[in-house]
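Engineer: Build me a model from this:
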Amino acid sequence: MEDFSAFVGLSRTTVSKYFNDPDSVRKNTRSAIEAALKKSDFRPSMFAVNLNRRRSNILGVIIPNSTDPFYMALTRRIELIANEAGFLAFVLSSDGRAEMEDQAIQTFRSMNIAGAIIAPLGVQSHHRILAELGSSIPLIYVDSPLDETSSFVGTDNRQSFRLIVDYLCRSGEPPCYFAMPLVNNNASARQVAYVEAMQQFKMTPSIVPVTDVRSWDFEKFGYDEALRILKGQGFPTKTVLCANDRVAFGVIAATYQLGLKVGHGADCDIRIAGHDDHPLSRYACPPITTVAQNYNEIGRLAIELLLQRLDEKSPAAKQASGRILLNAELMLRSSA
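Structural biologist: Sure thing, here's the model as predicted:
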């Protein structure tokens, strides 16, 4: 910046004003700077500029899996709204590993980010490191809350499981529950929600015993466990409610491997339902009956909540630290 200021023949303060807001300098000054930019090909370092600010215009986003279409859709929504508000959203993946989540946090701290949205690993997360981050910048959790007090935007598991359990009980055999690996707080919250829903409808909960595997490879987990169960005593009922659609993908693949027909009808051997309405669920074979998380709305509300907390002058900023739970929608398809 010093070299460029000397090259254009203006003070560094004037040049800095231009880069922060081109309209803040006079027209002839702006023209001189823009002509010098073309000659020198100089561009200020975005990271250096943000490190020098009291508050940067960079937002951090951390997700467990960058290849999962659910998280891709969620972050796309966040990035779009952040850009419209004048912020740059950088997305890093923890790849389902606590050490990678820690590394992403340290990277963002070194970038002097203004705030962050995180889909935490939860059970594996190092809570102290996340708490330190949350004490220094506004922090919003999505998909799964870190704890009962953290700012969070996500689906109301109690409502969503009441919805699908009610449908499955009314349309056929009551469902048994096929859990997901215990990798985040959703794993335990959804099992509790299933039990509560079954009890509410005067049904006996039936939780399928599964191996304690702490893996984010949900499809493989569902496939391996379903094969083991089906080759043994089988499921306790002909209706299986999976904790999420990715587990359901694996369970459906296992039933296909063993020649079983999945669906709703007298000629079908088993019904399989899921949760989330994963973007690929409608293209499964058969398409999966599930409850839809509104990932576009989760992304929108999370970034708007974060922007409110960043706006210190906003009357809503002080009230923007709570929780937003969204209702899910039943998606009826061929699998159940």
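
Engineer: lowest-pLDDT helix or strand in this structure?
Structural biologist: The weakest-scoring helix or strand in the chain, judged by mean pLDDT, DSSP states H and E, is helix 46-51 (a mean of 56).

Engineer: C-terminal to that helix, what's the next element?
Structural biologist: Following the chain from helix 46-51 toward its C-terminal end, the next helix or strand by DSSP states H and E is strand 58-63.

Engineer: on contacts alone, who are the packing partners of that following strand?
Structural biologist: Using 3 or more C-beta pairs under 8 Å, 6 or more residues apart in numbering; DSSP states H and E as the contact criterion, the neighbours of strand 58-63 among helices and strands are helix 69-84, strand 88-93, helix 98-110, strand 115-118. All C-beta spots, glycine's among them, are computed from the backbone N, C-alpha and C.

Engineer: and of the ones you listed, who's closest to residue 333?
Structural biologist: Between residue 333 and the helices and strands packed on strand 58-63, the shortest gap by C-beta to C-beta is with helix 69-84, which sits at 17.0 Å.

Engineer: thought residue 294 was touching residue 326?
Structural biologist: Yes - checked against C-beta atoms under 8 Å, the pair residue 294 and residue 326 is within contact range at 5.7 Å.

Engineer: Deepest in the core, which of the helices and strands packed on strand 58-63 is it.
Structural biologist: Each of these was scored by mean neighbour count; the highest is strand 115-118, a mean of 26, by mean count of other C-beta atoms under 10 Å.

Engineer: Summarise which helices and strands it is packed against.
Structural biologist: With contacts defined as 3+ C-beta pairs under 8 Å, 6+ apart, the secondary structure elements packing on strand 115-118 are strand 58-63, strand 139-142, helix 295-310.

Engineer: okay, and the common contacts of residue 294 and residue 326?
Structural biologist: Common contacts of residue 294 and residue 326, defined by C-beta atoms under 8 Å, 6 or more residues apart in numbering, comprise residue 155.

Engineer: mind listing the strands for the stretch 101-250 of the chain?
Structural biologist: Secondary structure of the stretch 101-250 of the chain (DSSP state E, counting those that start in this stretch): strands located at 115-118, 139-142, 152-155, 176-178, 239-242.

Engineer: which residues of the stretch 151-300 of the chain fall in helices?
Structural biologist: Along the stretch 151-300 of the chain, counting by DSSP state H, counting those that start in this stretch, helices occupy 157-171, 185-200, 218-231, 245-257, 295-310.

Engineer: closest one to residue 141 among those helices?
Structural biologist: Taking C-beta to C-beta, helix 295-310 is the member of the helices of the stretch 151-300 of the chain nearest to residue 141, at 8.4 Å.

Engineer: how about residue 215, what does it touch?
Structural biologist: 96, 181, 183, 221.

Engineer: please redo it, this time with the cut-off set to 10 Å
Structural biologist: Contact analysis of residue 215 by C-beta atoms under 10 Å, 6 or more residues apart in numbering lists 96, 180-183, 221, 224.

Engineer: And the residues you listed, which two are furthest apart?
Structural biologist: Among those, 96 and 224 lie farthest apart (C-beta to C-beta), at 17.0 Å.

Engineer: ok, back up a step: next, format the helices and strands packed on strand 58-63 as CSV and append distance to residue 147.
Structural biologist: Conversion of these to CSV gives the following (distance: least, C-beta to C-beta, whole Å):
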stretch, distance to residue 147
helix 69-84, 21
strand 88-93, 22
helix 98-110, 15
strand 115-118, 13
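
Engineer: Out of those, which is closest to residue 303?
Structural biologist: When those are ranked by proximity to residue 303, the top entry is helix 69-84, at 4.6 Å, counting by C-beta to C-beta.

Engineer: From the contact counts, what lies against that closest one?
Structural biologist: Counting contacts by 3 or more C-beta pairs under 10 Å, 6 or more residues apart in numbering; DSSP states H and E, helix 69-84 is packed against strand 58-63, strand 88-93, strand 115-118, strand 139-142, helix 295-310.
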